[in-house]
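Peer 1: Predicted coordinates and the sequence they were generated for:
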Amino acid sequence: MEKYDCSKILDYSHERYRMCKAYGVCKECPFGNLDIVCTSINDVTQEHIDIVQRWSDEHNQPERPKITHEEYAFLQAFRMTADKYLERKNGCMCLVAGNTMMRLRPSMFRFIREGETWPLGYLLKLEVADD
């Protein structure tokens with residue numbers, strides 16, 4: 001997983017939201033020890049960015065991706081056979097079962113990077129995204 005750069009507003013917002021969810025109680029939050037307001041995006045200072053960046057670096061664990069309803073339905077259709085997995089190879093998304101490989105639309109399972117392999121059983125446990 002790539003490291004977030006909290007000097008970029010989207011990365012900062014994402015990581016600040018994660019940090020807020022992780023603590024839940026403002027007194028425990030790194031912002032709670034300081035006399036600064038964390039709720040307004042308009043009042044972000046370098047100190048805010050540094051705090052969130054430090055927290056992000058310490059808590060940078062891969063987030064579980066979400067799959068679409070269409071992807072989930074596709075996986076359900078193939079779940080009966082064991083030893084199936086998905087992989088992205090040469091820019092194509094492929095379903096592999098034994099010696100058989102089926103090419104899928106490139107837009108499916110975008111979170112799977114080139115050369116990665118994901119077992120179907122694991123993918124079926126992922127949360128389905130709300131459309």
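Peer 2: That came through fine. Note that this is a predicted model, so its numbers are computed, not measured.
Peer 1: Give me the helices and strands touching the longest helix anywhere in the chain, please.
Peer 2: Using DSSP state H to assign secondary structure, the helix with the most residues in the chain is helix 9-23. In terms of contacts (3 or more Cβ pairs under 8 Å, 6 or more residues apart in numbering; DSSP states H and E), helix 9-23 is packed against helix 46-58. Every residue, glycine included, has its C-beta placed from N, CA and C.
Peer 1: okay, now the domains of this protein?
Peer 2: Domains of the chain are assigned by automatic domain parsing as 9-58, 69-124.
Peer 1: mind checking the end-to-end distance for the last one?
Peer 2: This means domain 69-124. By Cα to Cα, to the nearest Å, the extent of domain 69-124 from end to end equals 11 Å.
Peer 1: Equivalent analysis for stretch 55-73, please.
Peer 2: End-to-end for stretch 55-73, by Cα to Cα: 37 Å.
Peer 1: that older thread, contacts for the longest helix of the chain?
Peer 2: Outside helix 9-23, the residues within contact range by Cβ atoms under 8 Å, 6 or more residues apart in numbering are 4-6, 29-30, 32, 38, 41, 44, 48-49, 52-53, 55-56, 59.
Peer 1: list the buried ones in that helix?
Peer 2: D11, Y12, H14, E15, R16, R18, M19 (16 or more other Cβ atoms under 10 Å).
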